[in-house]
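In: Can you look at this prediction? I've put the sequence above it.
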Amino acid sequence: MSQSNEFLLNNALAEDFQQMLRPFYLTQRLLCASKYIIKDSFVLPNSKAYCAVKVLVLCFIIYAYFAVLSYIISTFVNILVTLQIVIEWTKSGMDTERLTHWMSQREKAILKAKRGNFRARGIND
């Protein structure tokens, strides 16, 4: 008997123990933290393909997290700057007509900058 077959036979699980490990195993699989596979009542190590997919999924999750976080921060800063400008203008007694004109010009500039950013990334809007 070869050594790999002995390794597999030593890792056999009883059915009741396998049922007890099932929730823990599924949770690990969902979180991409599983180091083993339960297959046909045997405990097997993960394949290299699973590990590669796990790394890619985790990289995508980290990228998405930071993309959303940067969007939220930039939106928050944009709101704060606009609020500060509006407060300054109301203190100085600026009329609402000039304020609405400035706000529409600001929105046009923001949209133009976003379109330029999309074009630089190769995204059509």
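Out: Okay, I see it.
In: Show the average pLDDT along the helix or strand hosting His101.
Out: Using DSSP states H and E, His101 maps to helix 96-121. Over the span of helix 96-121, the pLDDT mean works out to 67.
In: Please apply the same query to stretch 66-78.
Out: pLDDT averaged over stretch 66-78 gives 90.
In: Could I have the CA atoms of that stretch written out in CSV?
Out: Taking C-alpha atoms only, stretch 66-78 is exported to CSV below (Å, rounded to 0.1, in the frame of the first residue of the first chain):
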residue,chain,number,x,y,z
PHE,A,66,-11.5,50.1,-0.3
ALA,A,67,-13.4,51.3,-3.4
VAL,A,68,-16.6,51.8,-1.5
LEU,A,69,-14.7,53.3,1.5
SER,A,70,-12.9,55.8,-0.8
TYR,A,71,-16.2,56.7,-2.4
ILE,A,72,-17.9,57.3,0.9
ILE,A,73,-15.0,59.4,2.2
SER,A,74,-14.8,61.5,-1.0
THR,A,75,-18.6,62.1,-0.9
PHE,A,76,-18.4,63.1,2.8
VAL,A,77,-15.5,65.5,2.1
ASN,A,78,-17.4,66.9,-0.9
